[in-house]
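In: Got a sequence here, can you build the structure:
(chains A and B)
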2 protein chains.
Amino acid sequence: MSILIKECSIIGREGEWDVRIKDGKIDEIGESLDGDDILDGKGKYLSPGFINTHTHAAMTLLRGYADDLPLDKWLNEKIWPLEGKLTAEDVYWGTKLACLDMIKSGTVAFNDMYFFMDSAAQAVEDMGMKATLCYGFLDMGDEDKLEKEKDSTLKFIKDLEGMDNIKPAVGPHSVYTVSQEGLQWCSELSEKMDIPIHIHIAETEKEINDMEGSVVEHLDRMGLLNKRTIAAHCVWLNKAEIDILAKENVVVSHCPVSNMKLGVGKPMDYRSMREAGVFMSLGTDGCASNNNLDMFEEAKIAAILHKMKGDTTLLPAKETYEMMIRDTLHTGGGAVEEGKSADLILIQKGVPDHQPISDIVYTLNGCAVTDTIIDGEVLMRDREVEGEEEILNKASYHANKLVSEMI
Amino acid sequence: MSILIKECSIIGREGEWDVRIKDGKIDEIGESLDGDDILDGKGKYLSPGFINTHTHAAMTLLRGYADDLPLDKWLNEKIWPLEGKLTAEDVYWGTKLACLDMIKSGTVAFNDMYFFMDSAAQAVEDMGMKATLCYGFLDMGDEDKLEKEKDSTLKFIKDLEGMDNIKPAVGPHSVYTVSQEGLQWCSELSEKMDIPIHIHIAETEKEINDMEGSVVEHLDRMGLLNKRTIAAHCVWLNKAEIDILAKENVVVSHCPVSNMKLGVGKPMDYRSMREAGVFMSLGTDGCASNNNLDMFEEAKIAAILHKMKGDTTLLPAKETYEMMIRDTLHTGGGAVEEGKSADLILIQKGVPDHQPISDIVYTLNGCAVTDTIIDGEVLMRDREVEGEEEILNKASYHANKLVSEMI
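Out: This is a model prediction of the structure:
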């Protein structure tokens, strides 16, 4: 059984193409091909699906629950108390809702850190997405907690065995929530098992000020910065620290919407990152600080934010688009080429469509995605996703239940 | 013939309501009302439609034609040469495309400045929208051109006679494109005819630096700052100048997306504007510098941009929403209240929907609008707008024709 996308436009190629998908991969790109299940690509761009490199997916349940508060009040009085009441079932439905939002806005794979991650993994598997998931490791300098976090991390990695499209990562939350012992253990585990590291770095000025010495140098000494690392935020870094990220081949997850909404003080230094040669990608962060998972929006805001100071050539559309599709999660996708994993989206063109990439970055939003294919399966067809109604109802129920417990 | 919206949620009221519309106005808000043409409001917010206070509508034809260039190169080599080739028919279809985009993303009225404004007016009338339109008055210090601009302005104001929903404004482009005589003449005409003034103020640092003395004080001396004035951008102002805008009751059109994309150097000083008591609204600017007309996007970007520096309580969702709906164009709408003009939109709720206004400002985008009613007419029903296909085809043809003439 093959899928055939008829007469679509492919970014970077002239003309209209047929694309056949077989066994989860792009089988052939050509003209007048045949296939079993036909998708009409006329008037649409075929693009690699987007890779969201920093999320806390189940926080969809909290979107709109608390906004516009000072950061400490928001965390201490709103987010953390509510998260204390989360159950495995809440996380399952919250993650399913996140997957639904992502499929509907063209994201095919994401990098997630949260709690009850076995439930999250089940949700991702049930939805047919790809993801790298980690248990959020926070020992807070407490020895008992440290042992518990190690156990939870190891157990979760074991839980994922046999799930082809879901990969485990180790998730030391940050320098201010994980002890030196904890960081070291995470680093060794990542190396031993050859699995990614997902961490928050230099999100706020407080994180930098509260630390003796450099956060980046500290993490580098712990062995936590290397080609397996995805580091979210990276706002409060100096050039020497940015050079370390480049040298160690760390992937930075740039999260401009969350950084702006949570008032972290300034934009990430895109220019210095670029000049140093840091690998960059985009993350939406969780829905409590965004409040959606639309990578079109994240991309546009990144592209215009860095221009604001005056250099309108900084972060042009093409570079932004590359941040949306770069295969930092090693899914085997990331390009419309024969042999690549079929993690693809069809995007309704804007009118006029002078430049496809400008269209995607500056004009359109997630609703322009008509069809989403992950691992060769059509998960959205003409904006319809199977089971959508149930997900909306169940997620809504769990969200309201959580908030009602807070009153 | 009445329209009845059944069981919708109204921002700021508990429960579900029926809303009857008759003779262009909100006739009654109650329970179990009857009416002729029924719209299902279940699961939707009924909101006043959005007011976009700064556009150059026909520039939809140029979206994606040139991005990511230095400002002078963008204007001198791309935008102005192409605008030099515009015909009345181009402007007609470009404006129709803009109206289509606005209707589909919940905007009911807009404040526009461009050329061939009789064609623009015809397009707005044909689409059934409300607008304040002005001919862009630029004499460039040339006496012959000054006389021509006066004639064009007077002719256009006359053209609009008899168009109920389209009001004329006088449009002195800016201090750097209009002579003192020109500014004075515009000011006198606005006062004599009691019509609005639409002007760009302090968009770039260059505008400020090239001027001897204060731009705002200069315009105030010309009589151009008063309660009839809508001033776009207002980025490069000091506190004394902001106080003048407040004292004179000027309406500021804040255009964060355009300001960021064109690299004007810094965000408008929202805090000082707010503290001084300036009336503020939102504008998307033209599509060459945005590149869409989605007021949800403009609102979210405004709300998070001003928080970035650290005060997450600045420009909260409610204040942002007020900037989206405030009736600065005197349409008679702006609120869901009996007797108000029926310029209304239905918005599909997000899931979860803990806080309606947060949902609108932070989570949703223009595609969440299901139905748009302007002056009591249903212009979009379940996302369908009459004549959409033709507009897309014709606008696309005119856009491609223009660009092909540039090669």
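In: could you list every residue that touches the most centrally placed residue in chain A?
Out: Centroid-nearest residue in chain A: residue A:52, 2.3 Å away (criterion: C-alpha atoms, centre = their mean). Residues near residue A:52 by C-beta atoms under 8 Å, 6 or more residues apart in numbering or on different chains: A:102, A:107, A:109-111, A:282-284, A:293, A:295, A:298. No exception for glycine: its C-beta is placed from N, CA and C like everyone else's.
In: Nearest to residue A:91 among those?
Out: Using C-beta to C-beta, residue A:110 comes nearest to residue A:91 of these, at 14.8 Å.
In: What pairs with the helix or strand harbouring residue A:346, parallel or antiparallel?
Out: Secondary structure assigned from DSSP states H and E places residue A:346 in strand A:344-348. Partners of strand A:344-348 in the sheet, by DSSP bridges, are strand A:44-48 (antiparallel), strand A:369-374 (antiparallel).
In: that older thread, on the pLDDT front, check the residue nearest to the centre of chain A for me.
Out: Note for residue A:52: predicted pLDDT of 98.
In: for the helix or strand of chain A with the lowest mean pLDDT, the distance to its chain's centre please.
Out: Within chain A, no helix or strand scores below helix A:71-73, which has a mean of 89 by mean pLDDT, DSSP states H and E. With C-alpha atoms, centre = their mean, to the nearest Å as the basis, helix A:71-73 stands 24 Å off its chain's centre.
In: hmm, that helix in reach of chain B?
Out: Yes - contact of helix A:71-73 with chain B (C-beta under 8 Å from any C-beta of the partner chain) involves residue A:71.
In: One more: stretch A:224-242?
Out: No - Stretch A:224-242 is not in contact with chain B by C-beta under 8 Å from any C-beta; minimum separation 10.2 Å.
In: coming back round to it: not counting the next helix or strand after the least confident helix or strand of chain A itself, show me its contacts.
Out: Next helix or strand after helix A:71-73 toward the C-terminus (DSSP H and E): helix A:80-83. Residues outside helix A:80-83 that contact it (C-beta under 8 Å, 6+ apart) are A:62, A:65, A:115, A:402-403, A:406.
In: what's the answer for stretch A:313-322, then?
Out: Stretch A:313-322 is contacted by residues A:11, A:270-271, A:274, A:299-300, A:302-303, A:306-307, A:355, A:357-358, A:360-362, B:67-70 when judged by C-beta under 8 Å, 6+ apart.
In: What's the PyMOL line that selects buried ones from those?
Out: In PyMOL syntax, the buried subset of the contacts of stretch A:313-322 is picked out as below (16 or more other C-beta atoms under 10 Å in any protein chain shown):
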select buried, (chain A and resi 11+270+274+299+300+302+303+306+307+355+357+358+360+361+362) or (chain B and resi 67+68+69)
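In: Inside helices: which ones of the contacts of stretch A:313-322?
Out: Residues from the contacts of stretch A:313-322 lying in helices, with DSSP state H as the criterion: A:270-271, A:274, A:299-300, A:302-303, A:357-358.
In: related to what we said a few turns ago, looking at the contacts of helix A:80-83, spot the one nearest chain B.
Out: Nearest to chain B among those is residue A:65, at 4.5 Å by C-beta to the nearest C-beta.
In: That closest one is in contact with residue A:77, isn't it?
Out: No - taking C-beta atoms under 8 Å as the definition, residue A:65 is not a contact partner of residue A:77, at 11.6 Å.
In: The two: which has the busier surroundings?
Out: residue A:65 (21 against 14; other C-beta atoms under 10 Å in any protein chain shown).
In: Contact partners for the closest residue to that one other than its chain neighbours?
Out: Counting by C-beta to C-beta, 6 or more residues apart in numbering or on different chains, residue B:354 is the residue found nearest to residue A:65 once chain neighbours are left out, at 4.5 Å. By C-beta under 8 Å, 6+ apart, the residues touching residue B:354 are A:62-65, A:399, A:403.
In: Neighbour-wise, which one of those leads?
Out: Result: residue A:63 is most packed of the contacts of residue B:354 (other C-beta under 10 Å), 31 neighbours.
In: Show me which pair in the contacts of residue A:52 is furthest apart.
Out: A:109 and A:298 (14.8 Å).
In: So which of the contacts of residue A:52 sit within helices?
Out: A:102, A:295, A:298.
In: Compare these and tell me which is most surrounded.
Out: residue A:102 leads those on contacts (other C-beta under 10 Å) with 32 neighbours.
In: Could you report the neighbour count for the closest residue to that one other than its chain neighbours?
Out: What sits nearest to residue A:102 in space, not counting adjacent residues and going by C-beta to C-beta, 6+ apart, is residue A:293, at 5.3 Å. Neighbour count of residue A:293, defined by other C-beta under 10 Å: 32.
In: Show me the shaky parts of chain A.
Out: Scanning chain A for pLDDT under 70 picks out no residues.
In: ok, residue A:370 - contacts?
Out: Residue A:370 neighbours (C-beta under 8 Å, 6+ apart): A:44, A:346-348, A:380, A:382-383.
In: separation between it and chain B?
Out: To chain B, residue A:370 is 12 Å away according to C-beta to the nearest C-beta, to the nearest Å.
In: buried stuff in stretch A:385-402?
Out: Quick answer for stretch A:385-402 (16+ other C-beta under 10 Å): A:385, A:391-392, A:394-396, A:398-399, A:402.
In: Contacts for stretch A:24-37, please.
Out: Under C-beta under 8 Å, 6+ apart, the answer for stretch A:24-37 is A:1-4, A:10, A:17-21, A:336-342, A:344, A:375-378.
In: how near is the closest residue to chain B within the stretch 101-250 of chain A to residue A:236?
Out: Across the stretch 101-250 of chain A, the shortest distance to chain B (C-beta to the nearest C-beta) belongs to residue A:205, at 8.5 Å. Distance of residue A:205 to residue A:236, given as C-beta to C-beta, to the nearest Å: 5 Å.
In: so what sits against both of these two?
Out: What both residue A:205 and residue A:236 touch, as defined by C-beta under 8 Å, 6+ apart, is the set A:264-265.
In: out of the two, which sits in the more crowded spot?
Out: The neighbour count for residue A:205 versus residue A:236, taken as other C-beta under 10 Å, is higher for residue A:236 (22 against 14).
In: wait, what's in contact with the more buried one?
Out: A:202-205, A:207-208, A:264-265 are the contacts of residue A:236 under C-beta under 8 Å, 6+ apart.
In: ok, and the most crowded of these?
Out: residue A:264 (27 neighbours).
In: my guess is it meets residue A:233, correct?
Out: Yes - with contact defined as C-beta under 8 Å, residue A:264 counts as touching residue A:233 (7.4 Å).
In: tell me, what's touching these two both at once?
Out: residue A:203.
In: Can you tell me which residues in the stretch 51-200 of chain A are near chain B?
Out: A:60-65, A:67-71, A:74, A:97.
In: Remind me which helix or strand residue A:324 belongs to.
Out: helix A:317-325.
In: how much does that helix deviate in direction from helix A:295-305?
Out: 140 degrees (axes from the mean of the first three to the mean of the last three C-alpha atoms, to 10 degrees).
In: in helix A:317-325, what's buried?
Out: Judged by neighbour count using 16+ other C-beta under 10 Å, the buried positions of helix A:317-325 are A:317, A:319-321, A:323-325.
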